[in-house]
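>>> Predicted model and sequence follow; I will ask about them next.
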Amino acid sequence: MNTDNLWNEFLDKIKERITPLSYDTWFKDTKLYKLDGGTATIIVPLALHKKHLEENYIDDIEETFNSITGTNFNFKFILENEINEISDNNEEVIIGASNENMGVPHQTSASANLNSEYTFDSFIVGNSNRFAFTAARAVAEKPGKAYNPLFLYGKSGLGKTHLMHAIGNYIIKNTNKKVLYVSSEQFVNDYIAAVRNNEKNTFDKIDSFKNKYRNIDVLIIDDIQFLGSATKGQEEFFHTFNQLHDSNKQIIIASDRSVDDLKMLENRLITRFNWGLTANITPPDFGLRVDIIKRKIAHQEAAEDIPIEVIEYIANINDSDVRQLEGAITRVFAYALMMNHGVVTLDIAIEALKDKISERSVYKNDIHRIQRIVCEYFKIDIEDLKGKKRSKDINYQRQIAIYLCRIMTNESYPKMGTYFGGRDHSTIISAYQKIEKDLETNYQLQTVIEELKKRI
C-alpha cells in the first residue's frame, strides 16, 4: 500500500471534518512517513504542529484514518529533522501480521449476537427518541470516549434494543473493535455455568467467562433490571464493569426503568450507571407513529394507494409502542387480503382492529361522551357544538370533535351527522378531512388531539 496514496485519502476525508483554515494551518503540510505494526508515524513541519495536533485533533485523526484502514493505529508525530533518512521513492509498506486484514472488519454481526438489520439508517427518529438516538450515534462514533456508560431506558417495544444493535453494528462496520451483545439473563447464566464448573476444581470455564466478557472493547447488555434477582451475578457484573471502564472500553446498558428505579440493584452499580449518560425513550407521538407506519408498509404492494386516513387511524388507536403498531399493520393487511381482495380501506382497518381497541374505548367511547369531553376541554356548551353557530373557534372545535368521533368509534359518517345537529354526511367527511390535513403540519393541533385522546 503506497503511503502517499493512503495519506492523500486521509487528507481528503479530514477536510470534511474541519474548517478550510484549520486544514491549511495544521494538516496541509503533513506526510505519512511509515506504518510500523500498530503505529502510524506522521511528519509535521514544526514543533507547534506536533503539539497542536496531539492536543486538539488526535481523536479526529484516529477516527478518520482507522475508518479508512479498518485497523486501530496509534499516532506518533515527528519533525523532518528527526528523520535520519527519508527514501526518495514512496515506500511500499507491508502491514505486519497483526494488521494483515487492514480494511476488513475483524468481526461479524452474528458473532457479536447482533441483528444486522438493526442499524441507524433503519431507525425512525422523532421527538420521543431523538435524544437517545443522538447519544447512541455519538457513542458509536467514539466508543469509550463519548459517554461511558450509556444507559438507555424506556418501556418495552420503544426501540432500545434496536439502538443498541445499531451501535454495535456501526462499530463493527467501521472499526476492528470487538463487540458483544447479551441480555443480563445470558450474563447470569454464563456466570452460573462457570461457577459450577469451577466447583469441580477446574478453572477453564471461569477463565473462559472472564475472557468472554472482559477481553472485549464494547459490552452491550440488555434488560439490566433482571440482574436484580442475582446477588452473585451483580457482584460479577460490578467487577466486569470496573475492568472495562478502567480500560476505557465502552459499556451500553438498557433497562425498562430509570437508573433510580432499579431498586433491586446494589447502590455501587447504580452509582456507576450514573457515571455516563442516561437517555429516556418515551412512547412515540402521533407524528412519529405515522412515520413508522409509512416505513413499515413501504414494501407492501400498492403501498402508495393506502389512504392516509387508514394510516392515521392505525396510529391513533395504537399509541403505546412500536411492536403494537407492527402487529396492527400486519392484521389490517391480512384482513384486507382475506376479506377485500387486498384492498385496504378505512372501513377494513376499523373492522380488522375492532377487537384491538382497548376495553376502555369499546365500552366508553360513544359520540355523546366524546362530545362532552371536547366541550369540557374547550369550555364550550354542548348545544353550541351541535348547533348552527359558525364562529371560527366553535366551528374548528366542532371539526375536532368530529375527527375524534371518527377515529375512536365505529360509527358511520351519516350516523355521526345526526349527533351533530343533523348535518349532512358530506359535511362530516369534510370536517374530518380538514383536521386530518391540518395534523400533518400543525404541531399544536397534534398536542391538543393527543391530550383529548388521553381524556377520552
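Received, thanks.

>>> list the contacts for the residue most central in space within the chain?
Compute the mean C-alpha point of the chain, and by C-alpha atoms, centre = their mean the closest residue is Leu163, 3.7 Å away. Listed by C-beta atoms under 8 Å, 6 or more residues apart in numbering, the contact set of Leu163 reads Phe123, Asn129, Ala132, Phe133, Ala136, Leu152, Ile281. Yep, even glycine has a C-beta here, placed from its N, CA and C like the rest.

>>> what's the most distant pair in these?
Greatest spacing in the contacts of Leu163, by C-beta to C-beta: Phe123 and Leu152 (12.3 Å).

>>> Look at those two and report which has more neighbours.
Using other C-beta atoms under 10 Å, the more surrounded residue of Phe123 and Leu152 is Leu152, with 27 against 18.

>>> any weak-confidence spans in this protein?
Within the chain, the stretches with pLDDT under 70 are 1-2, 84-106, 198-204, 301-304, 356-365.

>>> switch the cut-off to 50
By pLDDT under 50, the weakly predicted segments of the chain are 1, 85-105, 359-364.

>>> which residues are in contact with the helix or strand hosting Leu152?
Per DSSP states H and E, Leu152 falls inside strand 150-153. Contacts with strand 150-153, where a contact means C-beta under 8 Å, 6+ apart, come from 132, 135-136, 139, 160, 163-164, 167, 250-259, 273-274, 276-281.

>>> run the last query once more with 7 Å
If you take C-beta atoms under 7 Å, 6 or more residues apart in numbering as the criterion, strand 150-153 is touched by 132, 135-136, 139, 160, 163-164, 252-259, 273, 276-281.

>>> Quick one: the strands in this structure, in order.
Assigned strands in the chain, in chain order: 31-36, 39-44, 74-79, 150-153, 179-183, 218-222, 250-255, 277-280 (criterion: DSSP state E).

>>> okay, the ones you listed in JSON lines with distance to Asp381 next?
Formatted as JSON lines, these follow (distance: least, C-beta to C-beta, whole Å):
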{"stretch": "strand 31-36", "distance to Asp381": "79"}
{"stretch": "strand 39-44", "distance to Asp381": "77"}
{"stretch": "strand 74-79", "distance to Asp381": "74"}
{"stretch": "strand 150-153", "distance to Asp381": "45"}
{"stretch": "strand 179-183", "distance to Asp381": "56"}
{"stretch": "strand 218-222", "distance to Asp381": "53"}
{"stretch": "strand 250-255", "distance to Asp381": "48"}
{"stretch": "strand 277-280", "distance to Asp381": "41"}
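
>>> For Thr19, which of those strands is the nearest?
Closest among these, using C-beta to C-beta: strand 39-44, at 18.7 Å.

>>> which helices and strands does that closest one pack with?
Where contact means 3 or more C-beta pairs under 7 Å, 6 or more residues apart in numbering; DSSP states H and E, strand 39-44 is packed against strand 31-36, strand 74-79.

>>> I'd like these written out as CSV, with distance to Ser109 and mean neighbour count added.
What follows is the helices and strands packed on strand 39-44, written out as CSV (distance: least, C-beta to C-beta, whole Å; neighbours: other C-beta atoms under 10 Å):
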stretch, distance to Ser109, mean neighbour count
strand 31-36, 28, 18
strand 74-79, 27, 14
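
>>> For the residue nearest to the centre of the chain, give its distance to Lys142.
With distances taken as C-beta to C-beta, to the nearest Å, Leu163 is found 16 Å from Lys142.

>>> ok so, going back, keeping just the C-alphas, turn the strand holding Leu152 into PDB.
Coordinates of each C-alpha in strand 150-153 appear next as PDB, following Å, rounded to 0.1, in the frame of the first residue of the first chain:
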ATOM      1  CA  LEU A 150     -24.600   4.900  28.000                       C
ATOM      2  CA  PHE A 151     -27.800   3.900  29.800                       C
ATOM      3  CA  LEU A 152     -30.900   3.700  27.700                       C
ATOM      4  CA  TYR A 153     -34.300   3.200  29.400                       C
END
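
>>> Pairing partners for it, with directions?
Strand pairing for strand 150-153, determined by DSSP bridges: strand 250-255 (parallel), strand 277-280 (parallel).

>>> Need the winner for burial among those.
The highest mean neighbour count among the strands paired with strand 150-153, using mean count of other C-beta atoms under 10 Å, belongs to strand 250-255: a mean of 26.

>>> Run the angle between that one and strand 179-183 for me.
20 degrees (axes from the mean of the first three to the mean of the last three C-alpha atoms, to 10 degrees).

>>> Just the CA trace of strand 250-255, in PDB.
What follows is strand 250-255 as a C-alpha-only set of coordinates in PDB (Å, rounded to 0.1, in the frame of the first residue of the first chain):
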ATOM      1  CA  GLN A 250     -17.400   1.200  26.100                       C
ATOM      2  CA  ILE A 251     -20.400  -0.100  28.100                       C
ATOM      3  CA  ILE A 252     -24.000   0.300  26.900                       C
ATOM      4  CA  ILE A 253     -26.900  -0.700  29.200                       C
ATOM      5  CA  ALA A 254     -30.600  -0.800  28.600                       C
ATOM      6  CA  SER A 255     -33.500  -1.200  31.100                       C
END
